[in-house]
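Novice: what shape does this take:
(one chain, ligands or ions: 2)
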Amino acid sequence: MSTLRLPAPAKLNLMLHITGRRADGYHELQTLFQFLDHGDELTFTLRNDGQIRLHTELPGVDHDSNLIVRAARLLQSRSGCPLGADIQLLKRLPMGGGIGGGSSDAATTLLGLDHLWQTNMGEDCLARIGLELGADVPVFVRGRAAFAEGVGERLQPVELSEPWYLVIAPQVSVSTAEIFSDPELTRNTPAITVRSLLAGGGHNDCQPVVEKRFPEVRNALNLLNKFVPAKMTGTGACVFGSFPNKAEADKVCRQLPADMPGFVAQGRNISMLHRKLKELEQEVNA
Ligand SMILES: C[C@@](CO)(OP(=O)(O)O)[C@H](O)COP(=O)(O)OP(=O)(O)OC[C@H]1O[C@@H](n2ccc(N)nc2=O)[C@H](O)[C@@H]1O
Ligand SMILES: Nc1ncnc2c1ncn2[C@@H]1O[C@H](COP(=O)(O)OP(=O)(O)O)[C@@H](O)[C@H]1O
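Specialist: Ligands and ions are numbered 1, 2, ... in the order given. Predicted coordinates:
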């Protein structure tokens, strides 16, 4: 097969505690990742000349710094593969939204091209390559809901309930680096065990800093809090709340004002990317 279409799902950080700071400035985190059944979509077509061409432009991101192109080139150089690809992106996820669009696109590129080029690098190697592109890429490569520690690369798979979420995307883009460099950020939350976390919630240490800088995020949290407990994901800007069923989430979604678009999606413990790749494997083996 020379063309492959694959999903790049969003993630939520159901909580995010900052427990310290490393000597290189990166922050030690504890976070709980779950995937959503909503995301971008990538199409890969084989090229024999070794070129990587992304045919979709993103505002403010040039071709060579797009995480998709960087992921493809890194896989090429690590595997020594002489093949290339034409890539199309259907971008549905808001950028700088804390729902991992760029990282998920990168992981889908690594897994998709590994499949198309038959480079057979193995999941551990792809996760290591992913970490070079961003702290969030490995969890998308692994494709399992997980409790993460370190800078997000030490992953422990977890089995969570899979509720319906309403995600609101305030119309601002939050820079992860800026939030992590804010002097007011809490950086000394005591570490907790995964067991105590699963029993009792957790919070997002980035939320107060983002709320202070972006009134749009504070307004979205206030609005959603009228219906269900609301939290921010990652370093923002998106906020989310869980609902007992899709109909109730849809009802609130329809009431959102125009400057606060939202979407409804189900939480998933196995990413849609991995479901799709498994289906493809089963087709080949049938
Ligand atoms: C904090 C999270 C939670 O999911 O935020 P979101 O980006 O999803 O909102 C992520 O781990 C982010 O991962 P990612 O977006 O891949 O971040 P990176 O590109 O690796 O880092 C961007 C910048 O943020 C800072 N950074 C990032 C991660 C971390 N654990 N400590 C940091 O201090 C660094 O200054 C780094 O240069
Ligand atoms: N394929 C891509 N999709 C989204 N953003 C990308 C991509 N490639 C590079 N970027 C850059 O990464 C930044 C963070 O992107 P994104 O993953 O959407 O946000 P977040 O890390 O907050 O979830 C963007 O603002 C953009 O500059």
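
Novice: so where do the helices sit in the stretch 151-286 of the chain?
Specialist: Using DSSP state H, counting those that start in this stretch, the helices of the stretch 151-286 of the chain run over 176-180, 194-200, 207-213, 215-225, 246-254, 272-285.

Novice: tell me which residues are up against the second one.
Specialist: Read it as helix 194-200. With CB atoms under 8 Å, 6 or more residues apart in numbering as the test, helix 194-200 has contacts from Met15, Gln30, Leu32, Phe147, Gln156, Val158, Leu160. No exception for glycine: its C-beta is placed from N, CA and C like everyone else's.

Novice: again, but for the fifth one
Specialist: Applying CB under 8 Å, 6+ apart, the set of residues contacting helix 246-254 from outside is Trp164, Tyr165, Leu166, Leu224, Phe227, Phe243, Gly262, Phe263, Val264, Gln266.

Novice: again, only using 7 Å
Specialist: Helix 246-254 is touched from outside by Trp164, Tyr165, Leu166, Phe227, Phe243, Gly262, Val264, with contacts defined as CB atoms under 7 Å, 6 or more residues apart in numbering.

Novice: before we move on, what about the fourth one?
Specialist: The contact list for helix 215-225 (CB under 7 Å, 6+ apart) reads 166, 168, 170-172, 210-211, 230, 232, 236-237, 239, 241, 260.

Novice: picking that back up, filter the contacts of helix 194-200 down to the buried ones.
Specialist: Among the contacts of helix 194-200, those classed as buried by 16 or more other CB atoms under 10 Å are Met15, Gln30, Leu32, Phe147, Val158, Leu160.

Novice: would you check that Phe44 makes contact with Leu116?
Specialist: Yes - counting by CB atoms under 7 Å, Phe44 does reach Leu116; the two are 5.4 Å apart.

Novice: count of residues packed around Pro267?
Specialist: That one is not Pro; residue 267 is Gly. For Gly267, the neighbour count with other CB atoms under 10 Å is 20.

Novice: what's the neighbour count on the residue in the stretch 51-200 of the chain that ligand 1 sits nearest to?
Specialist: With CB to the nearest ligand atom as the measure, Gly134 is the residue of the stretch 51-200 of the chain nearest to ligand 1, at 2.8 Å. Counted with other CB under 10 Å, residues neighbouring Gly134 total 20.

Novice: again, but for Ser77
Specialist: Ser77, neighbours per other CB under 10 Å, totals 10.

Novice: what helix or strand is it located in?
Specialist: Element membership of Ser77, judged by DSSP states H and E, is helix 67-79.

Novice: hang on, the earlier thing: Phe44 and Leu116: which is more packed in?
Specialist: Remark: of Phe44 and Leu116, Phe44 carries more neighbours, 23 against 19, as counted by other CB under 10 Å.

Novice: could you report the neighbour count for Thr108?
Specialist: 31.

Novice: what does the one 10 residues further on give?
Specialist: Applying other CB under 10 Å, we find 10 other residues in the vicinity of Gln118.

Novice: now do the SS call for it.
Specialist: When classified by DSSP: H, G, I helix; E, B strand; the rest coil, Gln118 comes out as coil.

Novice: picking that back up, could you name every residue contacting both of Phe44 and Leu116?
Specialist: Residues touching both Phe44 and Leu116 comprise Leu4, Ala85, with contact defined as CB under 7 Å, 6+ apart.

Novice: so how far is Phe263 from Asn13?
Specialist: Relative to Phe263, Asn13 is positioned 17 Å away (CB to CB, to the nearest Å).

Novice: can you pull the contacts of Gly84?
Specialist: The contact partners of Gly84, by CB under 7 Å, 6+ apart, come to Arg47, Asp49, Gly50, Gln51, Ile52.

Novice: just the buried ones from the residues you listed?
Specialist: Ile52.

Novice: pick the one among the contacts of Gly84 closest to Gln282.
Specialist: Arg47 (27.1 Å; CB to CB).

Novice: so Val151 is in contact with Ala135, correct?
Specialist: Yes - with contacts counted by CB under 7 Å, Val151 reaches Ala135, the gap being 4.6 Å.

Novice: OK, contacts around the closest residue to His38 other than its chain neighbours?
Specialist: Of all residues not flanking His38 in the chain, Ala265 sits nearest, at 3.8 Å (CB to CB, 6 or more residues apart in numbering). Residues near Ala265 by CB under 7 Å, 6+ apart: Leu36, Asp37, His38, Tyr165, Val167.

Novice: the contacts of helix 215-225, buried ones only, as a PyMOL selection?
Specialist: Per 16+ other CB under 10 Å, the buried members of the contacts of helix 215-225 correspond to this PyMOL selection:
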select buried, resi 166+168+170+172+210+211+230+232+236+237+239+241+260
